[in-house]
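Enquirer: got a predicted model here, sequence first, then my questions.
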Amino acid sequence: MKLDYHIHTDYSDDSWYPMEKVVKDAINLGLKEICFTDHVDYGVKLDWTDKGTPKIHKGKEIRNVNYEKYFAEIEDLQIKYYNKINIKSGLEFGVQGHTIDKYEKLVGKYPMDFILLSIHQVRDMEFWTGEFQKGKTDEECYDEYYGEMFKVVENFKGYSCLAHMDLIRRYLDKEVDMFNYNRDIIKKILETVIRDGKGLEFNTSNVRYKVNGLTPSIKILELYRDLGGEIITIGSDSHKEEDLGFGVDKAKETLREIGFRYFSTFNKMNPKFHKL
């Protein structure tokens, strides 16, 4: 089964890809199942119902998903294309330790099949702008990044899979794999993920971000396997047409080579296993 479990549309502040266009493109690509995972980043973004003036990026307001419209459109598309593609409903939560309560209120409020957990900011400082990294060594960035991740997975359980676990590498030295430096904290995080019955994402965006290696790194994937982790999803992290479904088949080959026997899809927050 060809699928993509990490897709952004124009409901995300950093994408201009209409949701129905995604569905049509996915069908043309031969994808059998997709999951929409648009951005929610409390701490740095307002909801559509919040008062206040949002920041503007490339002429677009930086806000979280417009939930009512988002889930209504997904439902309409599920009905319209039911005999051509399986469409799943999800979100990508950019959680920080001090925003957990906001996400706990959101979980269960809408009909979701799947939730990605990401660390996109620390102390409300963004990675993509360079604000978080400013004045820090790579080691200091990794220490704070994984420290925040551990705090979040210890205290927040309303997610399905941990997304692009070593995301911060995109914004540091892309050539150097700092796994050995971070191994102890990565192991603690993965043990918590597995203990809680959660999964890990294989994110195929490493190619377009020119990261030397996989996302997460092959050493993280191997450690997850060695610790007994079995729930693993595959997503392109696409924000535009040319990235949709990218690298899915190659990802399956890589997972088989590493020693995984299954990849996962989700239905109403429950994993379903498919042989690789």
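Expert: Here it is on my side, so go on.

Enquirer: and the residue nearest the centre of the chain?
Expert: Nearest to the geometric centre of the chain sits residue 163, at 3.8 Å (Cα atoms, centre = their mean).

Enquirer: got the contact list for that residue?
Expert: 6, 92, 116-118, 201, 203, 235, 237 (Cβ atoms under 8 Å, 6 or more residues apart in numbering). In short, each C-beta sits where N, CA and C put it, glycine included.

Enquirer: check residue 209 too.
Expert: Residues near residue 209 by Cβ under 8 Å, 6+ apart: 170, 174, 215.

Enquirer: change it to 10 Å
Expert: 164, 167, 169-171, 174, 203, 215, 237 (Cβ atoms under 10 Å, 6 or more residues apart in numbering).

Enquirer: closest one to residue 61 out of these, please.
Expert: Residue 61 lies nearest to residue 237 out of the contacts of residue 209, by Cβ to Cβ, at 21.9 Å.

Enquirer: count of residues packed around that closest one?
Expert: 26 (other Cβ atoms under 10 Å).

Enquirer: what count of nearby residues applies to the closest residue to it other than its chain neighbours?
Expert: Sequence neighbours aside, residue 205 is the residue nearest to residue 237 in space, at 4.2 Å (criterion: Cβ to Cβ, 6 or more residues apart in numbering). Neighbour count for residue 205, taken as other Cβ under 10 Å: 20.

Enquirer: residue 205 touches residue 238, doesn't it?
Expert: Yes. Using Cβ atoms under 10 Å, residue 205 is in contact with residue 238, at 8.1 Å.

Enquirer: okay, and the common contacts of the two?
Expert: 6, 246.

Enquirer: and the contacts of residue 209, which is closest to residue 274?
Expert: So of those, ranked by how close each gets to residue 274 (Cβ to Cβ), first place is residue 203, at 18.2 Å.

Enquirer: list the contacts for that closest one?
Expert: 5-6, 116, 118, 163-167, 209, 211, 214-216, 233-237, 247, 251.

Enquirer: same thing with residue 32?
Expert: By Cβ under 10 Å, 6+ apart, the residues touching residue 32 are 1-4, 26, 84-86, 265.

Enquirer: need phi/psi at residue 86.
Expert: Dihedral angles of residue 86 (phi, psi; degrees, to the nearest 10) stand at phi -90, psi 120.

Enquirer: for it, give the beta-bridge partners.
Expert: Beta bridges link residue 86 to residue 33, judged by DSSP bridges.

Enquirer: mind jotting down where the helices sit in the stretch 51-200 of the chain?
Expert: Taking DSSP state H, counting those that start in this stretch to define them, one finds helices in the stretch 51-200 of the chain at 67-80, 100-106, 138-155, 179-195.
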